[in-house]
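Trainee: model this:
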Amino acid sequence: MPALHHGGMQKQHPISLARMVALLALTFALVPAHAGDTTAASQMQRWSDVSGKSVNAERGRVFFTSRHGGEWSCASCHGNPPTTPTRHASTGKTITPLAPAFNPERFTDQAKVDKWFRRNCNDVLSRECTAVEKADVLAWLLQFDAKNPTPPPPPPPHHWPFCHAAGAGLRTARRLG
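Mentor: Model prediction:
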């Protein structure tokens with residue numbers, strides 16, 4: 001039966017299913033997505049800005065591969081290099097590659113990034129990572145290139161002049177002895 005409207009009779013207009021789907025699609029298109037809301041480079045810059053320090057990829061590599069007094073390092077679960085799927089050291093669950101060049105989905109959802117850094121840092125360090133630690137690790141991870149899977153070599157260690165002389169003296173003494 002037609003509805004009364006302002007004293008007269010008006011017909012109700014049903015909304016078609018196609019029109020409803022179009023409205024829902026438009027609504028979801030206008031809502032900002034959480035996945036893909038950032039990039040690894042943006043995350044690195046965010047943490048560098050928070051820390052007030054410049055990033056250092058070598059410091060990130062050392063951090064990633066060190067045990068920090070515990071039984072695990074980041075590499076225990078993510079591999080070294082972190083460019084292939086691995087398994088979690090405790091649960092055995094598959095972990096996709098961590099380096100963004102080998103897994104474009106990595107570090108693209110800020111909420112997930114924050115959640116996993118918090119969890120993993122607590123596992124490895126028994127505390128949250130600092131902003132500079134996160135920035136450094138990302139600087140190192142961003143150096144990996146899918147076209148050239150071998151990471152850049154770390155810089156040579158700094159040796160003082162007397163170290164070379166002492167080393168040469170030891171080698172000579174061993175040959176003579």
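Trainee: burial count for Val55?
Mentor: Val55 sits with 20 neighbouring residues when counted by other CB atoms under 10 Å. From N, CA and C alone the C-beta is placed, and that goes for glycine too.
Trainee: before we move on, what SS does it have?
Mentor: The three-state label given to Val55 by DSSP: H, G, I helix; E, B strand; the rest coil is coil.
Trainee: contacting residues around the closest residue in space to it that isn't next to it in sequence?
Mentor: In this structure, Val55 finds its nearest non-sequential neighbour in Ala139, 3.9 Å apart by CB to CB, 6 or more residues apart in numbering. Taking CB atoms under 8 Å, 6 or more residues apart in numbering as the criterion, Ala139 is in contact with Met44, Val55, Asn56, Ala57, Gly60.
Trainee: looking at this, Ala139 is in a helix?
Mentor: Yes - according to three-state DSSP, Ala139 belongs to a helix.
Trainee: before we move on, the earlier item: out of the contacts of Ala139, flag the one nearest to His88.
Mentor: Sorting those by how near they are to His88, with CB to CB, puts Gly60 at the top with 21.2 Å.
Trainee: Going along the chain, name the helices of this structure.
Mentor: For the chain, helices defined by DSSP state H occupy the ranges 17-30, 40-51, 57-65, 74-78, 110-125, 131-141, 161-176.
Trainee: which helices and strands sit right next to the third one?
Mentor: Under the contact definition 3 or more CB pairs under 8 Å, 6 or more residues apart in numbering; DSSP states H and E, helix 57-65 sits against helix 74-78, helix 131-141.
Trainee: closest one to Arg87 among the ones you listed?
Mentor: Nearest of these (CB to CB): helix 74-78, 7.7 Å.
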